[in-house]
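**Q** just to be clear, the model below is a prediction. Sequence and coordinates:
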Amino acid sequence: MEGNNNGNENVGQGEIQEKAIASLIVRVGDVSNVLRIECVEKLELLNKPEERQRRIHEIPEVHAGPPMDATYESDEETGQRGTKM
């Protein structure tokens, strides 16, 4: 089946690695840009006086987990180590 290489004449491992790295850099750059845009949007929102006032007067929701339970004993209190389930 010689001659049926679909235009990929002797593509070397180094060339494949270079293309993969270049592709990864582009994807990381895209993610970085998305995160940057999200941060800018959040900062713009926080700079609005209405949002500041809303957050100042907002009552936070508290989630109590087992370590916040008054009857919970930590490893330090019980003197045990490595016995958590």
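**A** Here it is on my side, so go on.

**Q** how many other residues sit next to residue 19?
**A** Counted with other C-beta atoms under 10 Å, the neighbours of residue 19 add up to 11. Where you see a C-beta, it was placed from the backbone N, CA and C, and this is true even at glycine.

**Q** ok, it - contacts?
**A** Contacts for residue 19 (C-beta atoms under 8 Å, 6 or more residues apart in numbering) come out as none.

**Q** which SSE is it in?
**A** Per DSSP states H and E: residue 19 is located in helix 13-46.

**Q** mind listing what's buried in that helix?
**A** Within helix 13-46, no residue is scored as buried using 16 or more other C-beta atoms under 10 Å.

**Q** continuing past that helix, what's the next helix or strand?
**A** As assigned by DSSP H and E, the chain's next helix or strand after helix 13-46 is helix 49-57.

**Q** what lies in contact with that next one?
**A** Here helix 49-57 has contacts from 45-46, using C-beta under 8 Å, 6+ apart.

**Q** any idea of the mean pLDDT for it?
**A** The average pLDDT within helix 49-57 is 92.

**Q** okay, the angle between that helix and helix 13-46?
**A** 80 degrees (axes from the mean of the first three to the mean of the last three C-alpha atoms, to 10 degrees).

**Q** ok, residue 46 to residue 72 distance?
**A** According to C-beta to C-beta, to the nearest Å, residue 46 stands 35 Å off from residue 72.

**Q** can you check residue 19 too?
**A** 54 Å.

**Q** then residue 17?
**A** Distance from residue 17 to residue 72, counting by C-beta to C-beta: 51 Å.

**Q** cool, residue 65 as well?
**A** From residue 65 to residue 72 the distance is 9 Å (C-beta to C-beta).

**Q** residue 13 too?
**A** Applying C-beta to C-beta to residue 13 and residue 72 gives a distance of 55 Å.
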